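Colleague: Attaching a predicted model along with its sequence, questions to come.
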Amino acid sequence: MKKLRVLVGCEYSGRVRQAFRDLGHLAWSCDLLPAEDGSRFHVTGDIIPLLDDNWDLAIFHPPCTYLSVSGMHWTKRGLRDPQLTEDALVFVQKLMNAPIPLIAIENPVSIISSRIRKPDQIIHPYQFGEDASKKTCLWLKGLPLLKPTNFVSPRMVCRGDKVSLPRWGNQCDGGQSKLGPGDDRWRDRSRTYAGIARAMAYQYSFAAYNC
């Protein structure tokens with residue numbers, strides 16, 4: 001079968017890029033940071049000049065710093081220049097409008113939903129074999145919804161009123177992330193879970209062959 005030309009944008013970890021390469025595709029990643037895995041199939045720099053390079057499929061992970069709903073309180077309190085959010089939205093719109101037939105854009109819950117359009121799908125890592133909960137939004141062009149591959153059951157935490165609440169491995173009993181504050185926290189949170197990366201590679205490849 002044809003090897004697909006796949007661009008994985010704003011990804012330094014290489015997880016999604018490698019999942020496609022494991023299937024034999026010509027996948028490249030691009031980020032302002034060098035590849036965490038040291039791969040030679042990575043471009044360090046601006047992704048915009050690469051968008052016109054005849055890709056079959058692209059998966060973009062635009063930085064969520066100025067887009068996520070959880071971080072907008074800094075802007076609303078006047079502690080961050082609102083133009084940073086406007087610039088981030090322009091960047092997302094450029095990715096959405098790229099001349100690539102099949103596109104997926106991944107982000108946490110963000111103002112992309114209210115300022116551009118609502119996501120086509122919301123997924124969690126626990127639907128794809130990962131003991132983790134993280135609401136992840138997908139905006140799709142020409143691609144199907146991802147089908148869950150392996151549901152990981154949570155542990156149940158009982159509150160004083162006897163209400164049981166689900167918690168996964170990346171959460172403390174109160175529901176917060178177990179990742180503590182630190183300079184590398186954003187790196188750890190930005191990595192795509194391997195189960196999701198594999199599902200994207202298999203299912204999106206199949207969709208490309210049948211579109």
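Modeller: Yep, it's here.
Colleague: Run through the helices of this protein in chain order.
Modeller: Under the criterion DSSP state H, helices of the chain are mapped to 15-21, 72-76, 83-96, 112-115, 185-190, 194-210.
Colleague: Okay, strands next: where are they in the protein?
Modeller: 5-9, 26-31, 42-44, 57-60, 102-107, 121-123, 136-141, 155-158, 164-167 (DSSP state E).
Colleague: Output the below-cut-off pLDDT ranges for this structure.
Modeller: Residue ranges of the chain with pLDDT under 70: 71-79, 160-162, 178-190.
Colleague: who touches the spatially most central residue of it in this structure?
Modeller: In the chain, the residue lying closest to the centroid (C-alpha atoms, centre = their mean) is residue 106, at 3.6 Å. Residues near residue 106 by C-beta atoms under 8 Å, 6 or more residues apart in numbering: 59-61, 136-138, 192. In short, each C-beta sits where N, CA and C put it, glycine included.
Colleague: ok, 6 Å please
Modeller: The contact partners of residue 106, by C-beta atoms under 6 Å, 6 or more residues apart in numbering, come to 61, 138.
Colleague: Just grab the bridge partners of it for me.
Modeller: residue 138 (DSSP bridges).
Colleague: Not counting sequence-adjacent ones, nearest residue to residue 41?
Modeller: residue 28 (5.2 Å; C-beta to C-beta, 6 or more residues apart in numbering).
Colleague: try residue 56
Modeller: Of all residues not flanking residue 56 in the chain, residue 4 sits nearest, at 4.4 Å (C-beta to C-beta, 6+ apart).
Colleague: where's the one you found relative to residue 208, distance?
Modeller: 6 Å (C-beta to C-beta, to the nearest Å).
Colleague: ok, back up a step: nearest to residue 80, out of the strands of the chain?
Modeller: When the strands of the chain are compared by C-beta to C-beta, strand 102-107 sits nearest residue 80, at 18.0 Å.
Colleague: now the closest one and helix 83-96, what's the angle there?
Modeller: 160 degrees (axes from the mean of the first three to the mean of the last three C-alpha atoms, to 10 degrees).
Colleague: hey, C-alpha coordinates of strand 102-107 in CSV?
Modeller: Taking Å, rounded to 0.1, in the frame of the first residue of the first chain, the C-alpha atoms of strand 102-107 are listed here in CSV:
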residue,chain,number,x,y,z
LEU,A,102,-6.6,15.1,6.2
ILE,A,103,-6.0,17.1,9.3
ALA,A,104,-6.4,16.5,13.1
ILE,A,105,-5.7,19.2,15.6
GLU,A,106,-5.3,18.2,19.2
ASN,A,107,-5.7,20.5,22.3
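Colleague: Is residue 60 in contact with residue 93, as I believe?
Modeller: No. Counting by C-beta atoms under 6 Å, residue 60 stays clear of residue 93, with 11.5 Å between them.
Colleague: neighbour count winner among the two?
Modeller: Higher neighbour count among residue 60 and residue 93: residue 60, with 25 against 12, using other C-beta atoms under 10 Å.
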